[in-house]
Each structure stands twice: as C-alpha cells, then as structure tokens.
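In: I need the structure of the sequence given here:
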Amino acid sequence: MLKDSGMEKINFSGGEPFLHQRGDFLGKLVQFCKQELRLPSVSIVSNGSLITEKWFQKYGEYLDILAVSCDSFQEETNALIGRRQGKKSHLDNLHRVRSWCSEYRVAFKVNSVINTFNVKEDMRDQIRELNPVFQCLVIDGENAGEHALREAEKFVISDEEFQDFLDRHSEITCLVPESNQKMRDSYLILDEYMRFLDCREGRKDPSKSILDVGVENAIQFSGFDEKMFLKRGGKYVWSKADMRLEW
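Out: Here you go, the predicted structure:
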C-alpha cells in the first residue's frame, strides 16, 4: 500500500529491530522491500549488538544503508547514557559491524544523539577512523517535558551547547546536524499498527491505521512537513548502487 502511494525509501528502526528471530524476520522484510517492491532505498537503524556476519551473508545484498547508534567513543560515557551491552564493548562491536558493511557493500552511517553526557566530547579522530561512507547524523536531545515518554530532562542540552559541539566538529565533512525541530516534523513515522505518528505537539499522536483507512487518509494526520524535509536535505542519493563508495 505504501509503495502504491509513492514510497521510495523505507527505514526499519525500533527499539532494536534485530531482536525478533535473531534478525531473520527483519532480513526477510529487507529482502521483500528490495526484491518485490523494488524500493530504491532500504535502511536499518540498530545499536549493532545483535548483528552477525551470517546476517550480512544472507541479507546484505538487499540493504542499502546501515546506521549504528553510537553516542560516545568512551565506554564509561556509553554506560551513563545507557548504551552498555552487558560485558560486550559497544565500540569494539561498532568497528566489527563497520568492517562487515565494507565487506558486504552496505553504506555505513553513524547516529549520535548529543546530550548532557557527551556534549563536551571530541569525536573527530574516531569518526575519521570509522570513515563513514555515508552521513554521520547528529541530533540534540529529545523526549523532554511534561509529556515525555521517559525521564529525559537530564539528557537535554541547550541550543548553544549543541552549536558548540557542531563548531568543534565542523571539519568532519560527513556530519549532518539535525535539531529537534527538524527531526520532529520532517519524517513519516509508522508504528507497529501501521499508524502514522504526529510529533508536532511533542507527543506521538497516532493516526488511524493505513490497514483500516488507507494511506492517503491516514497520512493527513502525520504532521509531515515537506518543506522541512527538503530543508534538512532529506532528498539525497539513497541507493548504494548510485553511491560513490570506497570499500
């Protein structure tokens, strides 16, 4: 239904999308979107902890972009933020997944949420070492205020602090900063019930499901801002087949 309505790009995120059936269910979705729907771009956002080389061997050819969340290159800071992965090193795993992306020709992206615990950090050397072949996306804090889904006020930084971080990393050419405002209104988000989520009021207000009322009806309640989408550079080269990648 989404493809028939003009969808060209789909991104699977969570929670952690690799949790279900050790990623096999996700892999089948990725394969279906590329093989059957022939979408130009299929991407995933993951914390990287459950990804295996076996998954890449089976499904890597159908995936255009893999974004791995990494909010800090210091293990103790990751623990404070909540990125601890048991006894595993989040950073070791990040580099392992990066190498698989290179081997199986998947564009690699780093997502960092800049917050109270990492806003003073200098990530330049680590980003250069990882050499993302795609955008390094940096956004400021989210989910603050009276109606927050979780207590996130302690993570939230000021606009000035965010700008200081961007200035410090201005030489990183792959960095693409996105503020809360840009993030909130410039994405079409569907939940597990196939409802568009309207984030304009700082909440995630659901539309009716596209399975009940169709895409055209439901999308009217998505809060999507096309001008903001274009302003943040939402239209770019999506398919790895069209990217100039250095493997």
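In: was I right about residue 132 contacting residue 112?
Out: No - the pair residue 132 and residue 112 fails to qualify as a contact (C-beta atoms under 8 Å) at a distance of 11.0 Å. In this view, the C-beta of every residue, glycine as well, is placed from N, C-alpha and C.
In: From residue 81, how far off is the one residue sitting closest to the centre of the chain?
Out: Central residue of the chain (C-alpha atoms, centre = their mean): residue 45, 4.3 Å from the mean position. Distance, residue 45 to residue 81, using C-beta to C-beta, to the nearest Å: 16 Å.
In: show me the contacts for the closest residue to residue 198 other than its chain neighbours.
Out: Distances taken as C-beta to C-beta, 6 or more residues apart in numbering put residue 223 closest to residue 198, at 3.6 Å, once the chain neighbours are dropped. By C-beta atoms under 8 Å, 6 or more residues apart in numbering, the contact list for residue 223 reads 185, 196, 197, 198, 199, 200, 205.
In: residue ranges with poor pLDDT in this protein?
Out: By pLDDT under 70, the low-scoring segments of the chain are 84-86, 134-152, 179-185, 202, 228-238, 244-247.
In: all helices of it, in order?
Out: For the chain, applying DSSP state H gives helices covering 24-35, 53-59, 75-81, 90-103, 124-130, 159-168, 180-185, 210-213, 215-218, 226-231.
In: Residue 62 and residue 34 touch, don't they?
Out: Yes - Residue 62 lies in contact with residue 34 (C-beta under 8 Å); the separation is 4.0 Å.
In: which neighbours do the two share?
Out: Joint contacts of residue 62 and residue 34 (C-beta under 8 Å, 6+ apart) are residue 42.
In: neighbours around residue 214, how many?
Out: By other C-beta atoms under 10 Å, the residues close to residue 214 number 14.
In: thought it was touching residue 2?
Out: No - assessed by C-beta under 8 Å, residue 214 is found out of contact with residue 2, at 10.6 Å.
In: quick one on the thing from earlier: using JSON lines, lay out the contacts of residue 223 together with distance to residue 68.
Out: Converted to JSON lines, those look like this (distance: C-beta to C-beta, whole Å):
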{"residue": "185", "distance to residue 68": "25"}
{"residue": "196", "distance to residue 68": "26"}
{"residue": "197", "distance to residue 68": "23"}
{"residue": "198", "distance to residue 68": "28"}
{"residue": "199", "distance to residue 68": "23"}
{"residue": "200", "distance to residue 68": "29"}
{"residue": "205", "distance to residue 68": "29"}
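In: That's all I had, so thanks and see you.
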